[in-house]
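**Q** Got a sequence here, can you model it:
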Amino acid sequence: MGMERQEKGKANPAAFSIAEAGFGDRTDIDDDGRERRTGTLVTASAHIITAVIGSGVLSLAWAIAQLGWVIGPAVLVAFSVITWFCSSLLADCYRSPDPVHGKRNYTYGQAVRANLGVGKYRLCALAQYINLVGVTIGYTITTAISMGAIGRSNCFHRNGHDAACKASNTTNMIIFAAIQILLSQLPNFHKIWWLSIVAAVMSLAYSTIGLGLSIARIVGGVHAKTTLTGVTVGVDVSASEKIWRTFQSLGDIAFAYSYSNVLIEIQDTLRSSPAENTVMKKASLIGVSTTTMFYMLCGVLGYAAFGSSAPGNFLTGFGFYEPFWLVDVGNVCIVVHLVGAYQVFCQPIYQFVETWARSRWPHAAFIHAERAVPLPAILGGGEFPINPFRLVWRTSYVILTAVVAMLFPFFNDFLGLIGAVSFWPLTVYFPVEMYMAQAKVRRFSPTWTWMNVLSVACLVVSVLAAAGSVQGLIKDVAGYKPFKVS
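**A** Below you'll find the model as predicted:
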């Protein structure tokens, strides 16, 4: 996910072109000696839609409820335009120093280092790793809540909607952590080809189920209270709560649009002709436009269905009780999606620490030893590679994220905080700075001025969103007892 990948061997020396190396007539080799890329506008657009649509869609109805009919959709559109614009800037930084004929950058981090230097690269890596850790904690929370919602949905169906149906998020987090500990021992889990396909199908499935249930609720004649300005001060919330919730909703919407981390990797799948940056800009427009229409439907129709009482997660907040089996299917899709997505997000963290440890202690058997453990026939036979350091480190990481999730199991607040922390640096600041460095934009020129105004404005939005999310966490923690049944 945008992290610097470690190369097992050195690439061909820059002094030798493909033709000079004797590969000029080969159709399976690209301009840098790597396997030829075959991606197109269609595949890139599909990758973007897959990357953008995820668990962030679950909180959009709540976010729109805080902002109302006027500001809510306007903010959603504003985030989509900013995301698309900055993605277009980032597309020009895939190659450097020239956006068409320059050297390819295979990851987001490489693009930052090539255009802005090592210092900014380290800041970018820090922002990315903080985002990845936050996402894995957030996914632990979301999965546990969805697992509990399945049991509660069945309980409500059997005993009535007023029954005292409870579920233990702590127990579900322990189950989720146990699954992740096992999956984390697979050294190449992130390379399983069908993983992104399953994630795409699951995310579209639960988003569509939530959308369909919202439409059914509206058609069923439910008259929810909605207003032009969102939740009403003095009726639904206090004046201070209105302000903090407004800020937090900005973070939730920002989280829904967080995909800049993987844009360079998506662009790296495109064939070299036509120019990758041209195709990627079109793909970004298609992907973000499609996603925004879908988000608008989910957020607006969710608000129309629930009004000011829209739940933070509209599949687990029990705005929907029936058909209970469809609510269950939606939550199962969330669980399946996030079980795999957790691994996708934590693998770069694993690889970073393990690569550092191998270089720091090159002769330590604990770090380098690989032992093949035979698998029983019921599991397909063969051998499973076990590394002592990988076993201890990855298990410790999963346990740590699970413990943090148990201490702060608050879906909306955590998603808002992740969105707020990652939006400005990764979606806005670095793409803007890289573009201006590559294009050699003069200081204090009109372009330089308005791009910096955009960056500062987005920084202010991120700070406000983070403040709202932190305030929400503080408020929730004040009345929360960890490790209890909820």
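**Q** In the stretch 101-250 of the chain, mark out all the helices, start to finish.
**A** 108-116, 118-159, 169-184, 195-219, 239-256 (DSSP state H, counting those that start in this stretch).
**Q** ok, now the stretch 351-486 of the chain?
**A** 365-368, 388-407, 411-422, 430-439, 446-478.
**Q** Just put those helices in a markdown table and tack on mean neighbour count, distance to residue 323 and mean pLDDT.
**A** For glycine as for every other residue, the C-beta is placed from the backbone atoms N, C-alpha and C. Output for the helices of the stretch 351-486 of the chain, formatted as a markdown table (neighbours: other Cβ atoms under 10 Å; distance: least, Cβ to Cβ, whole Å; pLDDT from 0 to 100):
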| stretch | mean neighbour count | distance to residue 323 | mean pLDDT |
| --- | --- | --- | --- |
| helix 365-368 | 13 | 52 | 88 |
| helix 388-407 | 18 | 30 | 93 |
| helix 411-422 | 27 | 23 | 88 |
| helix 430-439 | 22 | 44 | 94 |
| helix 446-478 | 17 | 31 | 93 |
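**Q** Kindly reformat those helices as TSV and extend each row with distance to residue 325.
**A** Formatted as TSV, the entries for the helices of the stretch 351-486 of the chain read as follows, by distance: least, Cβ to Cβ, whole Å:
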stretch	distance to residue 325
helix 365-368	49
helix 388-407	28
helix 411-422	23
helix 430-439	44
helix 446-478	31
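**Q** Residue 118 is nearest to which of those helices?
**A** Closest approach to residue 118 among those is made by helix 430-439 (13.7 Å; Cβ to Cβ).
**Q** What separation is there between the residue nearest to residue 149 when sequence neighbours are not counted and residue 120?
**A** In space, and not counting its chain neighbours, residue 149 is closest to residue 316: 4.0 Å by Cβ to Cβ, 6 or more residues apart in numbering. Between residue 316 and residue 120 the computed distance is 39 Å (Cβ to Cβ, to the nearest Å).
**Q** about what we covered before: and the helices of the stretch 101-250 of the chain, which one's lowest on average pLDDT?
**A** Ranked by mean pLDDT, the helices of the stretch 101-250 of the chain bottom out at helix 195-219, with a mean of 84.
**Q** Show me which parts of that helix are buried, residue by residue.
**A** Within helix 195-219, the residues scored as buried using 16 or more other Cβ atoms under 10 Å are 196, 198-200, 202-211, 213-214, 217-218.
**Q** Report the secondary structure state of the residue nearest the centre of the chain.
**A** Nearest to the mean C-alpha position of the chain, by Cα atoms, centre = their mean, lies residue 258 at 5.6 Å. Going by DSSP: H, G, I helix; E, B strand; the rest coil, the secondary structure assigned to residue 258 is coil.
**Q** got it, and residue 322?
**A** coil.
**Q** Pull the number of nearby residues for it.
**A** For residue 322, the neighbour count with other Cβ atoms under 10 Å is 13.
**Q** Please tell me how far it sits from residue 182.
**A** For residue 322, the distance to residue 182 - Cβ to Cβ - is 35 Å.
**Q** re the thing from before, tell me the contacts of the residue nearest to the centre of the chain?
**A** The contact partners of residue 258, by Cβ atoms under 8 Å, 6 or more residues apart in numbering, come to 56, 131, 418-419, 422-423, 426-427.
**Q** quick one, which of the helices of the stretch 101-250 of the chain is nearest to residue 334?
**A** Per Cβ to Cβ, nearest to residue 334 of the helices of the stretch 101-250 of the chain: helix 118-159, 4.3 Å.
**Q** quick one: the closest one to helix 195-219, angle?
**A** 50 degrees (axes from the mean of the first three to the mean of the last three Cα atoms, to 10 degrees).
**Q** Show me what helix 118-159 is packed against.
**A** helix 108-116, helix 169-184, helix 324-360, helix 388-407, helix 411-422, helix 430-439 (3 or more Cβ pairs under 8 Å, 6 or more residues apart in numbering; DSSP states H and E).
**Q** Quick one: closest of these to residue 77.
**A** Here helix 411-422 is closest among those (Cβ to Cβ), at 16.6 Å.
**Q** ok, how many other residues are close to residue 440?
**A** Applying other Cβ under 10 Å, I find that residue 440 has 7 neighbouring residues.
**Q** Residue 232 contacts residue 245, correct?
**A** No - the criterion here is Cβ atoms under 8 Å, and residue 232 misses it with residue 245 at 11.9 Å.
**Q** neighbour-wise, which of these two wins?
**A** Taking other Cβ under 10 Å, residue 232 and residue 245 do not tie; residue 245 has more neighbours (23 against 13).
**Q** list the contacts for that one?
**A** 66, 231, 237, 468, 472.
**Q** Can I get those in a markdown table including distance to residue 44?
**A** Output for the contacts of residue 245, formatted as a markdown table (distance: Cβ to Cβ, whole Å):
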| residue | distance to residue 44 |
| --- | --- |
| 66 | 34 |
| 231 | 39 |
| 237 | 42 |
| 468 | 34 |
| 472 | 36 |
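**Q** now, which of those residues sits nearest residue 139?
**A** The shortest gap between residue 139 and any of the contacts of residue 245 belongs to residue 472, at 18.8 Å (Cβ to Cβ).
**Q** Now do the closest one against residue 420, distance only.
**A** 11 Å.
**Q** and what of residue 144?
**A** Relative to residue 420, and taking Cβ to Cβ, residue 144 is found at 22 Å.
**Q** Not including adjacent chain positions, what is the nearest residue to residue 147?
**A** Closest to residue 147 by Cβ to Cβ, 6+ apart is residue 172, at 4.1 Å.
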